[in-house]
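[1] what shape does this take:
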Amino acid sequence: MSRRGRAAAFATVALACAVVAALVADSYGTSVASQYGVLRPVVVAARDLPDGELLDARDAGRLLETRRVPSSFVPPGALVSVGDAIGRSTAAPLPAGSYVLTSVLEVPRRRPGGDDPAIADGLRPVEIAVTGAEALSASGRPPQGARVDVVVTTEPDVGDDGRTYVAAEAVELLALGAGAGSAGDGLAEPTQTATLALTRGQALRLIEAENFARQVRLMAHVE
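    Next up is the predicted model:
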């Protein structure tokens with residue numbers, strides 16, 4: 001059986017397990033706990049997901065959700081955090097309510113004939129809104145594939161003026177596109193959407209920074 005065939009079979013089994021687990025969880029009590037095990041967090045599809053659905057930082061929280069189900073119904077490879085799925089895409093259709101397993105996720109497929117940089121093992125593509133990326137094209141060469149530092153400036157707080165720090169160093173820039181504020185709407189500095197190859201830890205830090213920081217800036221990495 002092909003990898004996609006196995007992924008589809010896993011998705012079907014995962015949905016069946018999720019349905020049974022939900023029925024048990026509705027009437028879960030002390031006596032049931034001793035028979036089916038303690039409740040554990042698992043990630044499920046919040047709606048029907050087609051094959052190849054990209055679970056990026058912006059949409060993962062809308063497409064996936066975390067539930068608590070008896071441990072005996074949790075299949076091997078079930079994700080326990082939505083963050084573990086960020087940067088991956090579905091390798092088979094996932095019905096709403098089905099468990100999200102590592103076996104049904106994959107690194108997003110590259111477009112046929114595309115020249116996007118390959119993604120190293122252990123990394124995932126993550127999109128974030130950034131400023132200052134125009135300088136990366138100053139040499140006249142496309143910035144894709146360059147190593148960049150992601151510099152975060154926090155909002156001022158009571159008693160301080162905020163701080164600036166390097167949140168991710170020497171990460172690969174996979175793609176750079178237009179973002180909000182880049183079409184001449186009067187913002188002081190335009191933003192762009194950068195797709196970076198990040199570890200899970202880097203992805204979670206930058207997603208938090210994007211939500212709460214005053215500025216997230218890209219700078220060319222210098223050895």
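[2] now do the contacts for the most centrally placed residue in the chain.
    The residue lying closest to the centre of the chain (C-alpha atoms, centre = their mean) is Ile86, at 1.7 Å. Contact analysis of Ile86 by C-beta atoms under 8 Å, 6 or more residues apart in numbering lists 55-57, 60, 124, 126, 200, 203-204, 207. Yep, even glycine has a C-beta here, placed from its N, CA and C like the rest.
[3] scan the protein for its longest strand.
    Longest strand in the chain, counting residues (DSSP state E): strand 164-178.
[4] so, low pLDDT: which residues of the protein?
    Within the chain, the ranges that satisfy pLDDT under 70 run 1-34, 108-121, 139-140, 158-160, 179-190, 211.
[5] any quick ChimeraX command for the buried ones out of the contacts of Ile86?
    Remark: buried members of those, expressed as a ChimeraX selection using 16 or more other C-beta atoms under 10 Å:
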select :55,56,57,60,124,126,200,203,204,207
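[6] secondary structure and distance to Arg217 for the contacts of Ile86 - can I get that in CSV?
    CSV is the format used below for the contacts of Ile86 (DSSP: H, G, I helix; E, B strand; the rest coil; distance: C-beta to C-beta, whole Å):
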residue, secondary structure, distance to Arg217
Leu55, strand, 26
Asp56, coil, 20
Ala57, coil, 17
Ala60, helix, 24
Arg124, strand, 22
Val126, strand, 16
Arg200, helix, 22
Ala203, helix, 18
Leu204, helix, 19
Ile207, helix, 16
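[7] quick one: which of the contacts of Ile86 is nearest Leu49?
    Within those, proximity to Leu49 (C-beta to C-beta) peaks at Leu55, which comes in at 8.3 Å.
[8] for the closest one, give the beta-bridge partners.
    Arg88 (DSSP bridges).
[9] how much space between it and Ala138?
    33 Å (C-beta to C-beta, to the nearest Å).
[10] contacts for stretch 208-223?
    Residues from elsewhere that reach stretch 208-223, judged by C-beta under 8 Å, 6+ apart: 57, 128-133, 135-136, 146-156, 162, 167, 169-170, 173, 194, 206.
[11] in contact with Ala64: list those residues for me.
    If you look again at residue 64, you'll see it is Leu, not Ala. Contacts of Leu64 (C-beta under 8 Å, 6+ apart): 43-46, 55, 82, 85, 100.
[12] recalculate using a threshold of 7 Å.
    Taking C-beta atoms under 7 Å, 6 or more residues apart in numbering, we find Leu64 in contact with 43, 45-46, 55, 82, 85, 100.
[13] then Arg68?
    Arg68 makes contact with 39-41, according to C-beta under 7 Å, 6+ apart.
[14] what's across from it in the sheet?
    Pro41.
[15] on that earlier part again, now the contacts of Ile86 as TSV including distance to Thr66?
    Converted to TSV, these look like this (distance: C-beta to C-beta, whole Å):
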residue	distance to Thr66
Leu55	14
Asp56	18
Ala57	16
Ala60	11
Arg124	19
Val126	19
Arg200	16
Ala203	17
Leu204	15
Ile207	16
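[16] with respect to Pro75, which of the contacts of Ile86 is nearest?
    Nearest to Pro75 among the contacts of Ile86 is Leu55, at 18.9 Å by C-beta to C-beta.
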